[in-house]
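Chemist: Sequence and computational prediction follow.
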Amino acid sequence: MSDDSTTPATQLRVGRLTKAHGLKGAIKLELFTDDPGRRFVPGAVFTLQVPTSSPWHGKTIELVELRWYNQHPVGFFKGVPDREAAEALAKAILWIDQDSAEQTDEEDAWYDHQLVGLAVVRDGVQIGTLTRLEHLPAQDLLIVKTANGEVMIPFVKAIVPSVDVKAGVITITPPPGLLEELPEEPDTDDSTPEDTAPEDAAPAADAEPDSDEPAATPTPDGKDA
């Protein structure tokens, strides 16, 4: 009989605590699973990803109940009795232990180990290989090794529209400047120096006329001769 305890385990990211809700320790959640009824059941235990300075660092948290308010999930957890305790958990990421041999059938849900090593392709051309993922409170980042070094790509649908684990390809559509520096705009100056006058400028109004004819001589009665 095989020993199931030797099966390697990994962790699956299933949610993020966003902010306190009410005064009784409830916390709003952002779910990273299409099956919350399976993942978020009373008694489910999650590993917390929090800063090392947090009193929750290195600890797990147990779900008491998941409720829905205005179609938004809100969790109640053991050891979180009030709003102050809930606020201390804001932005914490929730992980569960999972058998790495199990393949998830959830849409847009993958284990880290499934993605590491995949080719990263832009416009049909491979630009690098995924070396790791970084899960930050704000968003996830793909760390891609390219010919010019490592680059960080936000793991969002607008920039990473397709992940094909079977084909071994991650397709990206990065905005200009994400993978390479944008060319600098030429510095053009079309202004004319103030002390430079056009060659064909008209003479000043008070300048003497340039003529060979003598000026008229007034007569004694004030009329011209």
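Modeler: Arrived safely, thanks for sending.

Chemist: Going by C-alpha atoms from here, please, whenever you check contacts or count neighbours.
Modeler: OK.

Chemist: Identify the residues contacting the residue nearest to the spatial centre of the chain.
Modeler: Geometric centre of the chain, nearest residue: Pro154, 4.9 Å, by CA atoms, centre = their mean. Residues near Pro154 by CA atoms under 8 Å, 6 or more residues apart in numbering: 139-142, 160.

Chemist: quick one: which of those has the most company?
Modeler: Leu142 (23 neighbours; other CA atoms under 10 Å).

Chemist: Can you give me every residue that contacts the closest residue in space to Gly25 that isn't next to it in sequence?
Modeler: Using CA to CA, 6 or more residues apart in numbering and skipping residues adjacent in sequence, the residue nearest Gly25 is Asp82, 3.9 Å away. Neighbour list for Asp82: 23-26 [criterion: CA under 8 Å, 6+ apart].

Chemist: Mind doing that once more with 6 Å?
Modeler: Shown in contact with Asp82 (CA atoms under 6 Å, 6 or more residues apart in numbering): 23-25.

Chemist: Quick check, pLDDT for it.
Modeler: pLDDT recorded at Asp82 is 95.

Chemist: farthest pair in the contacts of Pro154?
Modeler: Gln139 and Val160 (12.9 Å; CA to CA).

Chemist: same for the longest strand along the chain, what does it pack against?
Modeler: Secondary structure of the chain per DSSP state E: the longest strand is strand 9-21. Under the contact criterion of 3 or more CA pairs under 6 Å, 6 or more residues apart in numbering; DSSP states H and E, strand 9-21 touches strand 26-31, strand 93-99.

Chemist: For those, which has the smallest mean pLDDT value?
Modeler: Ranked by mean pLDDT, these end with strand 93-99 at the bottom, a mean of 81.

Chemist: Kindly state the pLDDT recorded for Asp224?
Modeler: Asp224 carries a pLDDT score of 45 in this model.

Chemist: change the start of the numbering to 145 and stick with it
Modeler: Right, with 145 as the first residue, what we last looked at is Asp368.
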